[in-house]
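[1] give me a model of this one.
(one chain, ligands or ions: 1)
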Amino acid sequence: MTAQILDGKATAAEIRSNLKVRVEALRDRGVTVGLGTVLVGDDPGSRSYVNMKHRDCAEVGIESIRRDLPATASQDDVERAVAELNADPACTGYIVQLPLPKGLDEQRVLERIDPAKDADGLHPTNLGRLVLMRPGPLPCTPKGIVELLRRFDVPIKGAEVAVVGRGITVGRSLGLLLTRRTENATVTLCHTATRDLAAHTRAADIVVAAAGVPGLITADMVRPGAAVLDVGVSRVDGKLAGDVAADVAEVAGWVAPNPGGVGPMTRAMLLANVVEAAERDG
Ligand SMILES: Nc1nc2c(c(=O)[nH]1)N[C@@H](CN(C=O)c1ccc(C(=O)N[C@@H](CCC(=O)O)C(=O)O)cc1)CN2
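    Residues are numbered from 1 along each chain as shown. Got it, this is the predicted structure:
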């Protein structure tokens, strides 16, 4: 068996072309959509993700607002940039690129974001809405994963899902999203203290690997026909490496590769969150 590829790159391109039409319609109504980013430091990965987010904005007709701060920026400097974007009427929504450099209190920064401008859905108010199954902006990677599964007709309702990794941007939020009544999956959230990871992944219809451990999920850990989504990002000898070993594609029914799977969907969902905010408030 060779897995069907969950092509996030092509799917994200389709989503962007649809968003472009919605941005034009907003402009016709006199509403300009603007996405802000706060980038702190010189991590090449973070810089490249932020650059890609602004390139996507240009393609879709969303205005870009950048606040790039040096690695020496203090907590006050970062919170000041956040306060400026909260107050900027040209900014419909914005994100603080994570992780922040060591020494900065990430949670305190996220709490300073105006929840109405929180394009990442990571403010405690918006995470609370997710917990309560109330409407609100959703974290971009989990939202992108669900969208990708839906568009490729991977059954979600009633599915057993093993999510590997409990970080807030992916694993924990995805567990909350997939267990809403609109998705109705059963989720096992696996983490570094999980006793028998393979037992959980083998029992799953969908495996989402977001641990950041290169090659963690091997073919023998996957039930034949399951969907496997690689969200892990590590660097091995300067090259990007995912959490899923190459031979998984011989066993799985669907594979979201890395790169080319969930990453582009994360970016597309960020644009979608900003456009939805403009449509709601504009
Ligand atoms: N504020 C946030 N910070 C981070 C998030 C997030 O959702 N919000 N997620 C990740 C990084 N991330 C978004 O910022 C992200 C990851 C991957 C991609 C992407 O398009 N990847 C491409 C490959 C790119 C490459 O070649 O380097 C792919 O997978 O094909 C975009 C965004 C952590 N931080």
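[2] what is the burial count for whichever residue of the stretch 151-282 of the chain sits closest to the ligand?
    Distances between the stretch 151-282 of the chain and the ligand by C-beta to the nearest ligand atom are smallest at residue 263, namely 2.2 Å. No exception for glycine: its C-beta is placed from N, CA and C like everyone else's. Number of residues near residue 263 (other C-beta atoms under 10 Å) recorded here: 24.
[3] which residues are in contact with it?
    When contacts are counted by C-beta atoms under 8 Å, 6 or more residues apart in numbering, residue 263 touches residue 8.
[4] apart from its neighbours in sequence, what residue is nearest residue 63?
    Spatial nearest neighbour of residue 63, excluding adjacent residues (C-beta to C-beta, 6 or more residues apart in numbering): residue 34 at 4.0 Å.
[5] next, the one you found: phi, psi?
    phi -130, psi 130 (degrees, to the nearest 10).
[6] ok, residue 254 next?
    Backbone geometry at residue 254, expressed as degrees, to the nearest 10, gives phi -140, psi 150.
[7] quick revisit: roughly how far apart are the residue nearest to residue 63 and the ligand?
    17 Å (C-beta to the nearest ligand atom, to the nearest Å).
[8] now do residue 1
    On the measure of C-beta to the nearest ligand atom, residue 1 and the ligand end up 24 Å apart.
[9] ok, now which ones touch the residue nearest to residue 101 when sequence neighbours are not counted?
    In space, residue 101 comes closest to residue 41 once its chain neighbours are excluded; the distance is 4.3 Å by C-beta to C-beta, 6+ apart. Neighbour list for residue 41: 69, 70, 71, 73, 100, 101 [criterion: C-beta under 8 Å, 6+ apart].
[10] and the gap between residue 41 and residue 256?
    Distance, residue 41 to residue 256, using C-beta to C-beta, to the nearest Å: 29 Å.
[11] and the residue of the stretch 151-282 of the chain closest to the ligand, which of the three is it?
    helix (DSSP: H, G, I helix; E, B strand; the rest coil).
[12] out of the contacts of residue 41, which are buried?
    Buried members of these, scored by 16 or more other C-beta atoms under 10 Å, are 69, 73, 100, 101.
[13] residue 40 is in contact with the second one, correct?
    Yes - here residue 73 reaches residue 40: they are 5.3 Å apart, a contact under C-beta atoms under 8 Å.
[14] okay, and the common contacts of the two?
    Applying C-beta under 8 Å, 6+ apart, one finds that residue 73 and residue 40 are jointly contacted by 101, 104.
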